[in-house]
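> Sharing a sequence plus its predicted fold:
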Amino acid sequence: MGRLPKIPGAKEIVRTGGALLIHGDCMEMLPHLVDRYDAIISDPPYGIGYNPSSPSGSKWKNVKRIVGDAEPFDPTPLLGHVKTVVLFGANNYANRLPNSRRWFVWDKRPSMKSMSFSDCELAWCSTDGPARMIRVVWSGANRGDERGQHWHPTQKPIEVMRQIIEATTKPGDTILDPYMGSGTTGIAALRTGRKFVGIEIERRWFNAAVVRVRRGTTT
Ligand SMILES: C[S@@+](CC[C@H](N)C(=O)[O-])C[C@H]1O[C@@H](n2cnc3c(N)ncnc32)[C@H](O)[C@@H]1O
């Protein structure tokens, strides 16, 4: 294994397989990562002030906030470095993004009745192409083959990230997720033959990402 790169602002760097996992603030590190990735695929804080501890029966009693989620999200620092950028939650900050007809619509409650949570989530894509629907059930304990795998309050299904990665990048590409949370994008990237660079500011979620990406396969 080669030496770990020096990245100013990184509190810890873990290399595992084809992934580089970095603990720290992506805003400090992005300028030092230019030319090290081919695409950004990310699920940033949306700027909606979500409190994971608030729904009744929440598993996240001690998690009052997602870092960065209290203020409007500005995607500008992520744009203009690589052609392919995919951003979840972009319906919350679309006014700060260029127009695109290519959105991924993740239908997370197919054929189920609406509840207080959203029926779907939207990801904006910088490259041109038809809008696509991804149908993966994700509601309460109903999580398909990820049942019981609650690592992060706003965790995405690996299958959703896999479909987006396969639609927008090619094998061998390096994907950057500057807001990696528990590392879901990284797992999907490695499973599809891509390389991965992930950054997470919160120690708790960084540690979760290290465990999950190391395991890499089923969770
Ligand atoms: C929506 S969550 C991502 C969840 C992820 N998709 C998953 O499946 O686990 C966004 C993450 O960005 C992290 N974050 C917020 N601001 C950050 C920053 N400046 N640098 C790095 N990570 C940050 C938060 O701590 C949070 O874990």
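Right, received. Where do you want to start? Numbers count the residues shown, from 1 in each chain.

> tell me the SS of the closest residue to the ligand within the chain?
Closest to the ligand within the chain is Gly181: 2.5 Å, counting by Cβ to the nearest ligand atom. To be clear about C-beta, it is placed using only N, CA and C from the backbone, and glycine gets the same treatment. Here Gly181 is recorded as coil under DSSP: H, G, I helix; E, B strand; the rest coil.

> Contact partners for it?
43, 152, 154-155, 200, 205, 208-209 (Cβ atoms under 8 Å, 6 or more residues apart in numbering).

> Okay, it and Lys6: tell me how far apart.
25 Å (Cβ to Cβ, to the nearest Å).

> ditto for His81
For His81 relative to Lys6 (Cβ to Cβ), the value is 20 Å.

> Now tell me what touches the biggest helix by length in the chain from outside.
When the chain is parsed with DSSP state H, its longest helix is helix 203-215. Defining contact as Cβ under 8 Å, 6+ apart, one finds that helix 203-215 is touched by 12, 14, 16-17, 19, 21, 23, 151-152, 180-184, 186-187, 190, 196, 198, 200, 219.

> State the mean pLDDT of that helix.
For helix 203-215, mean pLDDT rounds to 97.

> In that helix, which residues are buried?
Across helix 203-215, burial judged by 16 or more other Cβ atoms under 10 Å covers 205-210, 212-213.

> so which of those residues comes closest to Met112?
Closest approach between these and Met112, by Cβ to Cβ: Arg212, at 26.9 Å.

> Once you drop chain neighbours, what's closest to that closest one?
Spatial nearest neighbour of Arg212, excluding adjacent residues (Cβ to Cβ, 6 or more residues apart in numbering): Gly183 at 4.7 Å.

> near the ligand too, which of the buried residues of helix 203-215?
Contacts with the ligand are made by Trp205 out of the buried residues of helix 203-215, judged by Cβ under 6 Å from any ligand atom.

> Can you name the two of the buried residues of helix 203-215 that sit furthest apart?
Trp205 and Val213 (12.0 Å).

> quick one: contacts for Ala131?
Here Ala131 is in contact with 101-105 (criterion: Cβ under 8 Å, 6+ apart).

> Output those residues in JSON lines, with neighbour count appended to each entry.
Compiled in JSON lines, the contacts of Ala131 are given as follows (neighbours: other Cβ atoms under 10 Å):
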{"residue": "Arg101", "neighbour count": "9"}
{"residue": "Arg102", "neighbour count": "17"}
{"residue": "Trp103", "neighbour count": "18"}
{"residue": "Phe104", "neighbour count": "23"}
{"residue": "Val105", "neighbour count": "15"}
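
> No further queries at this time; thank you.
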